[in-house]
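Enquirer: I would like the atomic coordinates for the input below:
(one chain, ligands or ions: 2)
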Amino acid sequence: MPESKLNVAIVGGGMVGLAFAIALRKLGPDVTFSIYEGATELSEVGAGITVQRRAWQTLSAIGLEEELLNLAGCREQKSVGYVYRKSDQPEGIHLKTIQTSEPGYTFHRGELQKAMIRHLASTHTIHTRKRLVSYMPLEEGVELHFHDGSTARCDILVGADGVRSAVRSAMYTKLADAALAAGDEDSAKVLKSHILPVFSGNVIYRTLIRKDILPEEAAQHPAFNRDEVMIYAGRNRHLVAYPISQGRVLNLAMVFTAPGKEGSVYEGAWTSSVSKEELVGRYSGWEPDVEEIMKHVSDKILKWVVNVATMLPTYSDGLVTLMGDAAHAMTPHQGAGAGVGFEDAHILAHFLAHPGVTKDTAAVALQVYDAVRRPASQNVATLSRMSGRNLHFNLSAGCADLTEEQSASGEAISPDQLKEVGDAIGKLTEWMFATTVAEDREVAMQKLEVALANAAR
Ligand SMILES: Cc1cc2nc3c(=O)[nH]c(=O)nc-3n(C[C@H](O)[C@H](O)[C@H](O)COP(=O)(O)OP(=O)(O)OC[C@H]3O[C@@H](n4cnc5c(N)ncnc54)[C@H](O)[C@@H]3O)c2cc1C
Ligand SMILES: *[C@@H]1O[C@H](CO)[C@@H](O)[C@H](O)[C@H]1NC(C)=O
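Expert: Ligands and ions are numbered 1, 2, ... in the order given. Now for the predicted structure:
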């Protein structure tokens, strides 16, 4: 074992924290790390996840390719298409198809997370029941404070602890206090606004439909036999459906907008189990695919209030930094949140493995990480938010006052406007195909080199 040049604490064993740990182990044999997870055991919600081009590039880079292809039931790489329709009327209208030859997959979250845990288990145990409550910067390094009263030390603290991140709230409490102490009340107010996440305006109902228990006739219905990710859009709500677990299960996300509620604080539970009753009728009159699917929704539905952490002014403070949802919890309208987190993990692992990054220069590396990853991830968050509006026919001019009834009549939105919506879907997702993760990493590494050289002067 080479001597450890850096000791990293990863708070949060979600998919992003795990991806970071796997990358660190692979790239930086002289970087040691510990993972602290607040829950009793690692788990994921019973729902699907899409892994698109860039996310796949990061997961292949850390050596998960073969295992994940097995999970997906593919012998070689395949791609997944995205089909968008206007469906809140008896006869749906095709809006856009996004089909590339680039690899893309859909997984059951639990299966994906388990594959990552298996990968790490040979060398690392994850410390569970270690809920971080706060941290304290020391003369050298950082001290972590856990809910059970214990403490730990590290050279670098990485908060991968999700939308309700304790690392983010501790960081922004400290930054706000410092601004206040310097007499800058305006900055303090802004900094304080980032301590807690805010409501995105979207509530999502997530459920799975097992195909093997469907009546024969339904199981044969095209709605249950599409390979693509289907996005059935309508005014103020849409439905996303795609197969997971090698086609045995249909994953559903029913997405609703609460107009005018974006940016507020959501009162009430953020997740809860609800019965089918809460959804009955909310897609009636939609095109046949949707009506067919809704007939077979079970009573195991998870209501998920989407909260977001938007536009943080920094991801890094001293030897502490944020990644994944802790840094940029976003709406899921591009199915990109975890993927963007994997990219954070990819870049930071490469940075920390760089020979020039030591205890003395760690803070410099975290500054460059912030400078590179913040604009990139916040851009995706912005595009995702716009995608949500677009899918609810609330992006193009002249649609602001459209009612659900008008939209359902199929006449209120002109063919030109529909074309605009379809074109916007393409434009908003162009970033996914513009560059590769490796190209962006090259640019980031150059920035790191420059910053390290400047710091050495
Ligand atoms: C409906 C929906 C659909 C989505 N679909 C997609 C998709 O198709 N593709 C995609 O890429 N993304 C998608 N996303 C986004 C994706 O789910 C998230 O971006 C991703 O799960 C975030 O991972 P994370 O590891 O950053 O956070 P989390 O998964 O939230 O993990 C955080 C971990 O930290 C732990 N933790 C929390 N607080 C503490 C603490 N104080 N101390 C110690 N541990 C702590 C938690 O227990 C948890 O294990 C979707 C999101 C939603 C809501
Ligand atoms: C349309 O989008 C704007 C901006 O996000 C929002 O303020 C408004 O409430 C939305 N309208 C509807 C009907 O969702």
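Enquirer: Spell out which residues belonging to the stretch 301-450 of the chain are near ligand 2, please.
Expert: 389, 392, 394 (C-beta under 6 Å from any ligand atom). Heads up, the C-betas are built off the backbone N, CA and C, glycines and all.
Enquirer: any idea which of the residues you listed has the most stuff around it?
Expert: Using other C-beta atoms under 10 Å as the neighbour test, these are led by residue 392, with 25 neighbours.
Enquirer: Now tabulate the residues of the stretch 301-450 of the chain next to ligand 2 in JSON lines and tack on pLDDT.
Expert: Conversion of these to JSON lines gives the following (pLDDT from 0 to 100):
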{"residue": "389", "pLDDT": "95"}
{"residue": "392", "pLDDT": "95"}
{"residue": "394", "pLDDT": "91"}
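Enquirer: Rebuild those as JSON lines, extending it with secondary structure.
Expert: Formatted as JSON lines, these follow (DSSP: H, G, I helix; E, B strand; the rest coil):
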{"residue": "389", "secondary structure": "helix"}
{"residue": "392", "secondary structure": "coil"}
{"residue": "394", "secondary structure": "coil"}
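Enquirer: Go back to these and keep what's next to ligand 1.
Expert: Okay, of these, nothing touches ligand 1 (C-beta under 6 Å from any ligand atom).
Enquirer: I'd like those residues as CSV, with distance to residue 325 appended.
Expert: Below are these laid out as CSV (distance: C-beta to C-beta, whole Å):
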residue, distance to residue 325
389, 21
392, 23
394, 25
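Enquirer: just the residues you listed now: which is nearest residue 285?
Expert: Nearest to residue 285 among those, counting by C-beta to C-beta, is residue 392 at 16.5 Å.
Enquirer: End to end on stretch 42-60, go ahead and measure it.
Expert: By C-alpha to C-alpha, to the nearest Å, the extent of stretch 42-60 from end to end equals 22 Å.
Enquirer: mind listing what's buried in that stretch?
Expert: Of the residues in stretch 42-60, 42, 47-60 count as buried by neighbour count, 16 or more other C-beta atoms under 10 Å.
Enquirer: What pLDDT is listed against the closest residue to residue 412 other than its chain neighbours?
Expert: Once flanking residues are discounted, residue 412 sits nearest to residue 406: 3.8 Å by C-beta to C-beta, 6 or more residues apart in numbering. Looking at residue 406, its pLDDT reads 93.
Enquirer: Is it correct that residue 406 is in contact with residue 393?
Expert: No: counting by C-beta atoms under 8 Å, residue 406 sits too far from residue 393 to count as a contact (9.8 Å).
Enquirer: shared neighbours of those two, anything?
Expert: Both residue 406 and residue 393 are contacted by residue 235, under the criterion C-beta atoms under 8 Å, 6 or more residues apart in numbering.
Enquirer: Looking at these two now, which is surrounded by more residues?
Expert: Regarding residue 406 and residue 393, a neighbour count based on other C-beta under 10 Å identifies residue 393 as having more, with 25 against 15.
Enquirer: Pretty sure the more buried one sits in a helix.
Expert: No: Residue 393: not assigned to a helix; according to three-state DSSP it is coil.
Enquirer: pretty sure it is touching residue 422, no?
Expert: No: using C-beta under 8 Å, residue 393 makes no contact with residue 422, being 11.7 Å away.
Enquirer: In the stretch 151-300 of the chain, which residue sits closest to ligand 2?
Expert: Using C-beta to the nearest ligand atom, residue 259 is the residue of the stretch 151-300 of the chain that sits closest to ligand 2, at 3.7 Å.
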